[in-house]
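*Asks:* Dropping a prediction and its sequence here:
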Amino acid sequence: MSPLHILISFFLPTFFLLSCSSIPIVLSKTTIQSQCLDDQRSALVQLQQDLYFSPHFTFSSKVELWDLKTDYCSWNGVTCDALGHVIGLDLNYKTLSGTFQSIFDLHHLQRLNFAGNNFNTTLFPYRFEGLPNLTHLNLSDSCFHGQIPMAISHLTRLVSLDLSNQDYCYRRNDVDYYPTLKVEKPNFNSLIKNLMFLKELYLDSVSISTQGTKWCEIISSSLPNLHVLSMSSCGLTGPLCSSFSTLHFLSKLNLDNNPISYLPPNFLGISSRLVSLSLRNCNLCGHFPTEVFLLPKMPKH
Ligand SMILES: *[C@@H]1O[C@H](CO)[C@@H](O)[C@H](O)[C@H]1NC(C)=O
Ligand SMILES: *[C@@H]1O[C@H](CO)[C@@H](O)[C@H](O)[C@H]1NC(C)=O
Ligand SMILES: *[C@@H]1O[C@H](CO)[C@@H](O)[C@H](O)[C@H]1NC(C)=O
């Protein structure tokens, strides 16, 4: 081998690596990796093109969240793993609207936070099932409306799901009359029955059609790891079911503004692990177990 040849074969792989080339020449394992990381980058670049600033739902300007000349793993709100796969995307409270289809090409994504934007759209166009490793999904307060699609029910690794308070978003934008986010078809059971790792579920202000004690029986039997349940203003009727006592980790429960009327006879057993309990405006009648206030874990106010 001539010295020049050695020099070329030494530099070639490095050259292809740095240029992030899509030339279909397989030089080394590292080169293949950098080519597929190009997909991660282009999904983010596409996302930036598809979003726009939208204060009060009016187009204001294209977004320039990121300096495209820099490494995408250093971009604001982007988290990568050691190999350069995007595993976290946090764009909360940026007044964004537009579409975010391209994030469904980020198959390694584990945490997604789009809370507090101005999307004013349904969730139907989005292929959530394309993100099988998602553990944290936060779409609260972003003006999403309409039925929660079945695609969400395929996110079986979810630990935290927050779809709450879409009404805050509309009110933030001075819109008084707005469509709600709702669970009808698929129904509540179909939506959550496979989400057995959930620790936190926030569905405040989501309209849930399941009536009677069914909603709480579904939660008790499907979500054994639940720590936090927040479902204020969901239109839930009661009474609260006694099977809540099987939720051994439940520590925070908020059911404000639902006409649940009655507490189950074993309510004291349920509440003994709670550190936070809120049952405002629940039309409660009958005897309230005042012993709740003596429970060791309840903060005294
Ligand atoms: C999803 O997670 C599993 C287990 O942690 C891992 O083996 C797999 O490669 C991940 N898939 C993606 C697309 O990140
Ligand atoms: C929000 O979306 C709804 C349903 O598509 C539409 O009727 C309404 O005009 C939108 N609101 C604004 C302020 O753009
Ligand atoms: C969702 O994101 C908002 C804004 O970052 C935050 O306030 C809220 O606590 C998050 N929800 C969960 C369950 O972490």
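*Replies:* Looks like it came in fine. Model, not experiment: these values are computed from the prediction. Numbers count the residues shown, from 1 in each chain. Ligands and ions are numbered 1, 2, ... in the order given.
*Asks:* in which helix or strand would I find the residue in the stretch 151-300 of the chain positioned nearest to ligand 1?
*Replies:* For the stretch 151-300 of the chain and ligand 1, the shortest gap (CB to the nearest ligand atom) falls at Arg157, measuring 7.8 Å. Just so you know, the C-beta spots here come from the backbone N, C-alpha and C atoms, and that holds for glycine as well. Using DSSP states H and E, Arg157 falls within no helix or strand.
*Asks:* Surely it and Leu137 touch.
*Replies:* No - applying CB atoms under 8 Å, one finds Arg157 not in contact with Leu137, separated by 10.3 Å.
*Asks:* Looking at these two, which is more packed in?
*Replies:* Comparing Arg157 with Leu137 by neighbour count (other CB atoms under 10 Å), the higher total belongs to Leu137, at 22 against 15.
*Asks:* Am I right that the more buried one sits in a strand?
*Replies:* Yes - under DSSP: H, G, I helix; E, B strand; the rest coil, Leu137 falls within a strand.
*Asks:* Leaving out the residues flanking it, which one is nearest to Ser278?
*Replies:* Excluding its sequence neighbours, the residue lying closest to Ser278 (CB to CB, 6 or more residues apart in numbering) is Asn254, at 4.4 Å.
*Asks:* what do you get for Val292?
*Replies:* That would be Ser271: by CB to CB, 6+ apart, it lies 5.3 Å from Val292.
*Asks:* check contacts around the one you found.
*Replies:* Contact analysis of Ser271 by CB atoms under 8 Å, 6 or more residues apart in numbering lists 253, 277, 289, 292, 295, 298.
*Asks:* Equivalent analysis for Asn257, please.
*Replies:* By CB under 8 Å, 6+ apart, the contact set of Asn257 is 232-233, 280-282.
*Asks:* 7 Å instead, please
*Replies:* 232-233, 280-281 (CB atoms under 7 Å, 6 or more residues apart in numbering).
*Asks:* mind checking how far it is from Arg280?
*Replies:* From Asn257 over to Arg280 the distance is 7 Å, taken as CB to CB, to the nearest Å.
*Asks:* So in terms of bridging, what pairs with the most centrally placed residue in the chain?
*Replies:* Geometric centre of the chain, nearest residue: Leu137, 1.6 Å, by CA atoms, centre = their mean. Beta-bridge pairing for Leu137 (DSSP bridges): Leu112, Leu161.
*Asks:* is it true that it touches Leu158?
*Replies:* Yes - with contacts counted by CB atoms under 7 Å, Leu137 reaches Leu158, the gap being 6.2 Å.
*Asks:* my read: Asn133 touches Thr156, true?
*Replies:* No - contact between Asn133 and Thr156 fails when scored by CB under 7 Å: they sit 10.0 Å apart.
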